[in-house]
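**Q** Can you look at this prediction? I've put the sequence above it.
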Amino acid sequence: MSRIVPTPRLDLSAFPDVWRVEDLARESATISCGAPALDAALPGGGWPTGAMVEVLQRTPGRHVWQLVLPALSRTLQDQAGPIVLVAPPFHPFAPSLAAQGLQPERLLCLQADRRAARLWAAEQSLRCEQVAAVLAWLPEARSEELRRLHLAAQRHDRLLFVFRSIAEARLASPAALRLVVEGVDPMELSIIKRKGPPAVQPLHLPATSRRLAALLQARRSLRGGGAGKPLPAAGVERSHGLDRTAAVP
């Protein structure tokens, strides 16, 4: 009778692009979105860390800060490193971010024209021990390239947001969470991918913080006796402090 020789265990850490069962089953930690309705709709009650969150938009840059700023502010309270912005379409308006509790000096903007350079910058940022979170605008990234970023965020437990065109919603994605963001004020969020049952109804969230909305109302009142005048209705184009940006040259 032949003797059974045990097969040595393969060290999968040498193969960073291989999915492991324990990785697929692992529950990610979360950070509150700052909006109770959105927290309630997300597995774990917030944005997942160690996973990619994909935000799909028709207009790049709209509502980005109001959507992610509460979580970024909490992240910076616990970590000393910067938040890296990879190829942002606009420069953030520093005074408004500071008023919302996010120190502008904690932001590190990396500009890159080529797709490969953007992907490289995002992946290297995720691997950097000092980086607290990464926001990357990657309109031309392919699924296999996004999977590398997702794995890097998972391996280094980073908060990662990737912003792409709404046209990509019909394509498969390795992201743990995918959102379609539309509308002006309120913004409309449709969750098209999450762990668990699919979301049936979109969420409608204010596009401005309470403090900023109060400031806008006060300004309207001071300009020509407009006391009590309502803010622009939903669907009416308008800008506010968090959308006040300068085009990146």
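**A** Received it, and whenever you're ready, just let me know what you need.
**Q** Please name the residues that touch Ala207.
**A** Ala207 makes contact with 63, 66, 183-187, 240, according to CB atoms under 8 Å, 6 or more residues apart in numbering. To be clear about C-beta, it is placed using only N, CA and C from the backbone, and glycine gets the same treatment.
**Q** Of those, just say which sits nearest to Ser173.
**A** Lowest distance from Ser173 to those (CB to CB) belongs to His63, with 20.0 Å.
**Q** quick one, what contacts the closest one?
**A** His63 touches 57, 181, 187, 207, 243, counting by CB under 8 Å, 6+ apart.
**Q** Figure out the helix or strand that the residue nearest the centre of the chain lives in.
**A** The centre of the chain sits closest to Phe161, judged by CA atoms, centre = their mean, with a distance of 3.1 Å. Secondary structure from DSSP states H and E places Phe161 in strand 159-165.
**Q** Tell me the pLDDT of the residue nearest to the centre of the chain.
**A** Phe161 carries a pLDDT value of 97.
**Q** Please look at it and Trp137 and confirm they touch.
**A** No - the pair Phe161 / Trp137 is not scored as a contact, 9.5 Å apart, by CB atoms under 8 Å.
**Q** Only C-alpha atoms, please: export stretch 86-94 in CSV.
**A** Presented in CSV, the C-alpha positions along stretch 86-94 are these (Å, rounded to 0.1, in the frame of the first residue of the first chain):
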residue,chain,number,x,y,z
VAL,A,86,-5.5,61.4,-8.4
ALA,A,87,-6.3,63.4,-11.6
PRO,A,88,-9.2,65.5,-10.1
PRO,A,89,-11.1,67.4,-12.8
PHE,A,90,-11.2,70.5,-10.6
HIS,A,91,-9.2,72.1,-7.8
PRO,A,92,-11.1,71.9,-4.5
PHE,A,93,-12.2,75.2,-3.0
ALA,A,94,-10.1,75.2,0.2
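**Q** buried set for that stretch?
**A** With burial defined by 16 or more other CB atoms under 10 Å, the residues of stretch 86-94 counted as buried are 86-88, 90, 92-93.
**Q** Can you redo the contacts of His63 as a markdown table, where the extra columns are distance to Gln124, pLDDT and secondary structure?
**A** Shown next, in a markdown table, are the contacts of His63 (distance: CB to CB, whole Å; pLDDT from 0 to 100; DSSP: H, G, I helix; E, B strand; the rest coil):
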| residue | distance to Gln124 | pLDDT | secondary structure |
| --- | --- | --- | --- |
| Gln57 | 25 | 93 | strand |
| Val181 | 27 | 93 | strand |
| Met187 | 31 | 88 | strand |
| Ala207 | 33 | 76 | coil |
| Asp243 | 29 | 42 | helix |
